[in-house]
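Enquirer: Here is a sequence together with a model predicted from it:
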Amino acid sequence: MNDLVIRTENLTKVYGEQEAVKSVNVHVKKGRIYGLLGRNGAGKTTIMKMVLGLTSITSGEVQLFGKNIRGQEKRIYPRIGAIIETPGFYPNLTGTENLEIFAKLRGTSRPDAVKNALEVVGLPYKDKKLFSKYSLGMKQRLGIANAIMHDPELLILDEPINGLDPIGIAEIRKFLQDLSKERGKTILISSHILSEIDLLADDIGIIHEGNLLEESSMDELRKKNQKYVLFRVSSTATAARILEQKCGGVKYRIEDDNVMRIYDMDIDLSMVNQAFITNNIGVYESSVCDESLEDYFKEITGGVGIA
Amino acid sequence: MIWAELKKLKRHYLLPLSIGVVVLSSLLALFQLTGAANSVVGYLPLTDGILWNNITLTFPFLITFFGSYLMNREYSEDTLKNNLIVPVSYSKLKFAKIAITVFATFLFIAVSFLCSIVFALVLQYPFNLADIGMAFWKLLVTGISCLIAVMPIIAFFSLKRNLFLAGTCVAFVYGFCGIFVANTHFTSWYPTTTGLSIIKYAPNSANYQISVSIFVLAICLFISLFIISVIRRKRDD
């Protein structure tokens, strides 16, 4: 329990009649990257806001570094860097001037903190360009620079790669991985981009309609993901009937009129192929596949894909 | 905090625009003075005209606009969250904004004062050091009382995002009503005109009660502090 940097207990948020977050228990371990994955509007930002104390908690509890944040803000906030929703800065100031304000307010002692943070995210120091003229990608980078400027132990990043170009995404991913692996920083990152969480996270929490449906390490999740045989046939309805007749009890799933998956890997595939063909079902493809994170996401969210 | 708040105003239109409004208000006073038939012209009448315009037309809405805009931009530019997780508490942020509004009010008073001197020099109105001292005192007292009078409006209308324009309108009407109150028994009771009572704007008037004016301004300060502390509690909850 002591290695938990963030722990929530039955965290719930109700807006009016709508329950945006429902009894969520998140466990973020020290030195690991925790990916909070969910569709837009699933409740990721609300969870992060509650963790940071930016919105009130309807019920439940948040512990940061083993302590309740309420009343401990002055001790706990300096240990955290965060981006929540869009990066908000003063449009009449340059990126450097914006960071200087927050560095001063934080009492950041290192004189080159602003310069270093800007270098890390690839933005120029003392540039004349105003924040109002920044592209979305530049704004996002400035947000990350602000989050890391004071060398926090914990980073809470809400959709930090939104608006970044592919090279920018790869750079930030590498940077976050280095922060975690080499400097032992703990990172809670949310995204609706499944591949990003897949590439970046050590642990994952899948959130859907305010419920945390799954929480595990990525390694465990990969082990859980089943192998299956994908059949592309002329009619999945007929194929399913044949399958039931020939191998009753076999576990399968119909994707659409032409694609089905058989999860029972002990089945005699040559027999299945032969049965389909002798019953005039065209078999266009049969291949052994691994279930992807997206498949798993669909499965546990009841079939709805992400994004 | 104050340094940060001042830096946030760099290159922003708010301060130059506000100073422009103060200059225009002073110019208007000059035109009113020179354009009116049988009016007594001179440095002190000009100063009286400027401070009259300040408290009835310009300062209530301008100070309210300035103060509540400073707070509102933290919502509209979505920077409040960055401040709160520093952490800068909401009430500290609010007090820093009010401090900047106080500085700005002193700046507006200084601009009004400067205008009175420049206009008097241009129009060759005679004045001496005592006149300058008197003019500065009057502008200072009426300006500060105006600031205190609108503080509850600033505090209230920056409770929520985008309410600041409504607050500015309320403050304008509030200040404008001062015109109808200024020569009545309510001069000392009406917050924006308390300054007139303190400086004895019309020396022979029996309507002024300085103690009442100070009491009214103290109430305004108390209401402002109460609203700000309510905000803090609400935020903390």
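Expert: That came through fine.

Enquirer: pretty sure A:Thr238 is touching A:Ala275, no?
Expert: No: counting by Cβ atoms under 8 Å, A:Ala275 is not a contact partner of A:Thr238; they are 10.9 Å apart. All C-beta spots, glycine's among them, are computed from the backbone N, C-alpha and C.

Enquirer: count of neighbours near the residue of chain B found nearest chain A?
Expert: Per Cβ to the nearest Cβ, B:Asp78 is where chain B lies closest to chain A, at 3.1 Å. Applying other Cβ atoms under 10 Å in any protein chain shown, we find 15 residues neighbouring B:Asp78.

Enquirer: Then the one 3 residues further on?
Expert: Using other Cβ under 10 Å, B:Lys81 is surrounded by 20 other residues.

Enquirer: what does A:Val121 give?
Expert: As a burial measure, A:Val121 scores 21 neighbours (other Cβ under 10 Å).

Enquirer: That one and chain B: what is the separation?
Expert: Look at A:Val121 and chain B: by Cβ to the nearest Cβ, to the nearest Å, they are 16 Å apart.

Enquirer: Return the residues in contact with that residue.
Expert: By Cβ atoms under 8 Å, 6 or more residues apart in numbering or on different chains, the residues touching A:Val121 are A:Arg141, A:Leu142, A:Ile144, A:Ala145, A:Ile172, A:Phe175.

Enquirer: which non-adjacent residue is nearest it?
Expert: A:Arg141 (4.0 Å; Cβ to Cβ, 6 or more residues apart in numbering or on different chains).

Enquirer: which SS class is that neighbour?
Expert: helix (DSSP: H, G, I helix; E, B strand; the rest coil).

Enquirer: How about B:Leu93?
Expert: B:Leu93 ends up helix, using three-state DSSP.

Enquirer: so what's it closest to, chain neighbours aside?
Expert: Among residues not flanking B:Leu93 along the chain, B:Asn83 sits closest, at 5.7 Å (Cβ to Cβ, 6+ apart).

Enquirer: Check B:Pro60 too.
Expert: The shortest distance from B:Pro60 to any non-neighbouring residue, by Cβ to Cβ, 6+ apart, is to B:Gly175 (2.9 Å).

Enquirer: what helix or strand is the closest residue to A:Glu215 other than its chain neighbours on?
Expert: Spatially, and ignoring its direct neighbours in sequence, A:Glu215 is nearest to A:Gly205 (4.6 Å; Cβ to Cβ, 6+ apart). Per DSSP states H and E: A:Gly205 is located in strand A:203-208.

Enquirer: helices and strands around that strand, which ones?
Expert: Packing partners of strand A:203-208 (3 or more Cβ pairs under 8 Å, 6 or more residues apart in numbering or on different chains; DSSP states H and E): strand A:33-37, strand A:211-217, helix A:218-224, helix A:293-300.

Enquirer: now that strand, how far from the centre of its chain.
Expert: Centre-to-centre, strand A:203-208 and its host chain are 7 Å apart (Cα atoms, centre = their mean, to the nearest Å).

Enquirer: Which strands border it, and is each parallel or antiparallel?
Expert: Applying DSSP bridges to the sheet, strand A:203-208 is found paired with strand A:33-37 (parallel), strand A:211-217 (antiparallel).

Enquirer: mind putting those strands in CSV, mean neighbour count included?
Expert: Shown next, in CSV, are the strands paired with strand A:203-208 (neighbours: other Cβ atoms under 10 Å in any protein chain shown):
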stretch, mean neighbour count
strand A:33-37, 26
strand A:211-217, 17
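
Enquirer: Ignoring the adjacent residues along the chain, who's closest to whichever residue of the stretch 201-307 of chain A sits closest to chain B?
Expert: Residue of the stretch 201-307 of chain A nearest chain B, by Cβ to the nearest Cβ: A:Ile207 (20.7 Å). Excluding its sequence neighbours, the residue lying closest to A:Ile207 (Cβ to Cβ, 6+ apart) is A:Gly38, at 3.8 Å.

Enquirer: The one you found: neighbouring residues, count only.
Expert: 27.

Enquirer: got it, and the one 5 residues further on?
Expert: Each residue near A:Gly43 was counted by other Cβ under 10 Å, and the total is 25.

Enquirer: Do a quick rundown of the helices in chain B.
Expert: B:2-8, B:14-35, B:43-53, B:59-76, B:80-84, B:90-122, B:129-157, B:164-176, B:178-181, B:194-199, B:210-236 (DSSP state H).

Enquirer: so of these, which one's packed in deepest?
Expert: With neighbours defined as mean count of other Cβ atoms under 10 Å in any protein chain shown, those peak in mean count at helix B:194-199, which reaches a mean of 27.

Enquirer: ok, and does stretch A:45-52 reach over to chain B?
Expert: Yes: using Cβ under 8 Å from any Cβ of the partner chain, stretch A:45-52 reaches chain B at A:Leu52.

Enquirer: Check whether A:Lys22 sits in a helix, strand or coil.
Expert: Recorded secondary structure, A:Lys22: strand (three-state DSSP).

Enquirer: Just the pLDDT for B:Ala149.
Expert: Model confidence at B:Ala149, given as pLDDT, is 94.

Enquirer: Verify the stated contact: it with B:Leu217.
Expert: Yes: counting by Cβ under 8 Å, B:Ala149 touches B:Leu217, with 7.1 Å between them.

Enquirer: joint contacts of the two?
Expert: Counting by Cβ under 8 Å, 6+ apart, the residues touching both B:Ala149 and B:Leu217 are B:Pro191, B:Thr194.

Enquirer: for stretch A:196-214, which positions count as buried?
Expert: Across stretch A:196-214, burial judged by 16 or more other Cβ atoms under 10 Å in any protein chain shown covers A:196-198, A:200-214.
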